[in-house]
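Undergrad: Got a sequence here, can you build the structure:
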Amino acid sequence: MEKVLVIGAARSGIAISKLLAKKGYQVYVTDKGSIAFKEQLESLGIVCIEKEHPDWLLEQTYRWVIKNPGIPSTVEFVRKLAETQFIYNEIDISLLFASGFQVAGITGTNGKTTTTALLGSILQKSGKEAFIGGNIGVPMSEIVDKYGDKEALVSCEIAAFQLDGCLHFHPKAATILNLSPDHLDVYGNVTPYFQAKRRIYQNMNDEDTFVLNLDDPIISTFDDLPKNRLTFSVLSKADAYLSSEGLILLNQLIVPIEQFPLVGKHNVANALAAACLAYALGCSFEQIASGIMEFAGVEHRIEFVKNIEGVAYYNDSKGTNSDATIVALKSFDQPVILLAGGYDKKTGFNELIPYMNRVKTMIAYGATKYQLQAIYPEAILVDTLDQAVALAKQIAVSGDVVLFSPACASWDQFDNYEQRGRIFKELVCE
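TA: Numbering: from 1, shown residues only. Just a heads-up that it's a prediction; the model follows:
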């Protein structure tokens, strides 16, 4: 029986462990913390090693070693394993057991989750089995475990950390939505970060479709892009573009501008990309239009929370870098009280400077508050998010927008951006 090692017993680690145990592999799962559902895993024959990564695991021979993307590659145990074999991501391995899936892969610096959800909304209109998974929150191995024997259309968000662990990933359609510096605390500079993103198309062939953003100055310079392409743009004509009438796909109006359900031109770009991907997977114009117009938006991405005495509160907790916060700021014409700050990803905030004229007041908190004050000297500094929200409530007047768009990761004070966003919404509604 071939052995598999899974490092990290979070949701995706548990899911891939279950899938591979059912496929006949001897699975070892190791975690520095406690392992949830340990008894259930052991009932499937999975060996669970809690609270350590023992050296004896290094002496085994494995068919695959699969790592949770949240565990740094610099961890000594991982580094030693990587000296002798490739470290996979669960998306790459799970899809080996789903030959009937047609996958659209979505990556990029910003807009991944919204585009993935938009595409999922369209695919669900196709009349075929359709799933949404990957970095959006549902491990691909959970989907494959339940439905891997079916034919299905799949919208898959995949981040750089996950693409680092992909050798086999072969989407039928794929896009890199946009690129800008991010995660430099891990990658050091943009070159390896951009290279990780390019892995999304490494196995694509002439029968597959790459969806190219003509507005991004970086992606178009790549000389190894797949030849079969659909293009999109909000600035000029393309296969999918924004006209004065609305969203155009292959010379056909699919969504009149007054019926587009989301805020901001960035969301038009996301919808155009989703339309191209859906078309590449065989969806009709009618299905694409219906999926876009009925889309309700994504939690934590410029999400309207509440209007309190004429002040509109928006949750953009998924704005974890400067580019995302710029996009959010550009979505409003009203005076903005910006709440920002958090974990330092070492990307800096100078890109925000040209857009500070859109900010009426900045309230900065967390580990990066002094860096944010350096680009906006009038910023008011507090320690925590609850202090920031309380102060925003005091100073906001009717007609203002209070925008929580941190431009930072959440890990200084929160487990993830979802928890941070939910807490912001609770604070607003108190």
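
Undergrad: how near is residue 187 to residue 160?
TA: 8 Å (C-beta to C-beta, to the nearest Å). For every residue, glycine as well, the C-beta is placed using N, CA and C.

Undergrad: can you check residue 266 too?
TA: In this view, residue 266 and residue 160 are 20 Å apart by C-beta to C-beta.

Undergrad: now do residue 142
TA: Counting by C-beta to C-beta, the gap from residue 142 to residue 160 is 22 Å.

Undergrad: what do you get for residue 11?
TA: Residue 11 is 19 Å from residue 160, by C-beta to C-beta.

Undergrad: which residues sit in contact with residue 425?
TA: Neighbour list for residue 425: 305, 315 [criterion: C-beta atoms under 8 Å, 6 or more residues apart in numbering].

Undergrad: one more time with 10 Å, if that's ok
TA: The contact partners of residue 425, taken as C-beta atoms under 10 Å, 6 or more residues apart in numbering, are 299, 300, 303, 305, 306, 313, 315, 317, 389, 404.

Undergrad: Same question for residue 274.
TA: Remark: with contacts taken as C-beta under 10 Å, 6+ apart, residue 274 is in contact with 104, 106, 111, 114-123, 155, 175, 177, 211, 232, 240, 283, 288, 291-292, 295.

Undergrad: 6 Å instead, please
TA: Shown in contact with residue 274 (C-beta atoms under 6 Å, 6 or more residues apart in numbering): 115, 118, 119.

Undergrad: Would you convert those into JSON lines that also reports secondary structure, pLDDT and neighbour count?
TA: As requested, the contacts of residue 274 are exported to JSON lines (DSSP: H, G, I helix; E, B strand; the rest coil; pLDDT from 0 to 100; neighbours: other C-beta atoms under 10 Å):
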{"residue": "115", "secondary structure": "helix", "pLDDT": "97", "neighbour count": "29"}
{"residue": "118", "secondary structure": "helix", "pLDDT": "97", "neighbour count": "31"}
{"residue": "119", "secondary structure": "helix", "pLDDT": "98", "neighbour count": "35"}
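
Undergrad: Looking at those residues, spot the one nearest residue 399.
TA: Minimum distance to residue 399 across those is 30.5 Å, recorded for residue 118 (C-beta to C-beta).

Undergrad: Give me the distance between the closest one and residue 358.
TA: Using C-beta to C-beta, residue 118 is found at 26 Å from residue 358.

Undergrad: in the stretch 201-350 of the chain, which segments are predicted with low confidence?
TA: Nowhere does the stretch 201-350 of the chain drop to pLDDT under 70.

Undergrad: Leaving out sequence neighbours, find the closest residue to residue 61.
TA: If the residues on either side of it in the chain are set aside, residue 61 comes closest to residue 3, at 6.7 Å by C-beta to C-beta, 6 or more residues apart in numbering.

Undergrad: Could you do residue 358 as well?
TA: Residue 358 sits nearest to residue 329 (C-beta to C-beta, 6+ apart), 4.8 Å away.

Undergrad: where's that neighbour relative to residue 197, distance?
TA: For residue 329, the distance to residue 197 (C-beta to C-beta) stands at 24 Å.
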